[in-house]
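Enquirer: Got a predicted structure plus its sequence, pasted below:
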Amino acid sequence: MTTETSHFDLQAALLDPKAFFAEPRDVIAAPQLSHDDKLAILRQWELDAVRLSASESEGMGGGEEAMLGRVESALRMLQAAR
């Protein structure tokens with residue numbers, strides 16, 4: 001992840017949060033993002049994890065249940081910080 005505001009592509013991060021952040025909690029720590037930006041990125045990550053979790057239950061993919069929990073935890077942390 002880049003920490004320089006001028007090089008951070010918010011739209012790309014919204015499309016693929018995992019390409020910019022190793023863990024959901026890293027979104028919360030990103031100083032270049034507003035609260036609303038962080039929330040939007042985490043919501044997208046949550047949606048991706050839910051979709052992959054559904055695929056996993058159909059025998060396709062793996063590991064997204066744990067990611068979904070980490071995203072939900074980060075969302076709770078973000079809301080508590082507000």
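Expert: All right, it came through fine. The shown structure was predicted, so the numbers you read here are calculated from the model rather than taken from an experiment. Numbering: from 1, shown residues only.

Enquirer: quick one, phi/psi of residue 16?
Expert: phi -150, psi 80 (degrees, to the nearest 10).

Enquirer: May I see the buried residues of the helix or strand hosting residue 44?
Expert: Following DSSP states H and E, one finds residue 44 within helix 35-57. By neighbour count on 16 or more other C-beta atoms under 10 Å, the buried set for helix 35-57 is 37-42, 44-46, 48-49, 52-53. Every C-beta, even on glycine, is put in place using the N, C-alpha and C of the backbone.

Enquirer: what's near enough to touch residue 43?
Expert: Neighbour list for residue 43: residue 75 [criterion: C-beta atoms under 8 Å, 6 or more residues apart in numbering].

Enquirer: For the protein, give me the ranges with low pLDDT.
Expert: Applying pLDDT under 70 to the chain picks out residues 1-6, 55-65.

Enquirer: one step back: which one of the buried residues of helix 35-57 is nearest to residue 82?
Expert: For these, the minimum distance to residue 82 (C-beta to C-beta) is 9.2 Å, reached by residue 39.

Enquirer: Find the nearest non-adjacent residue to that closest one, please.
Expert: With sequence-adjacent residues excluded and distances taken as C-beta to C-beta, 6 or more residues apart in numbering, residue 39 is closest to residue 78, at 6.3 Å.
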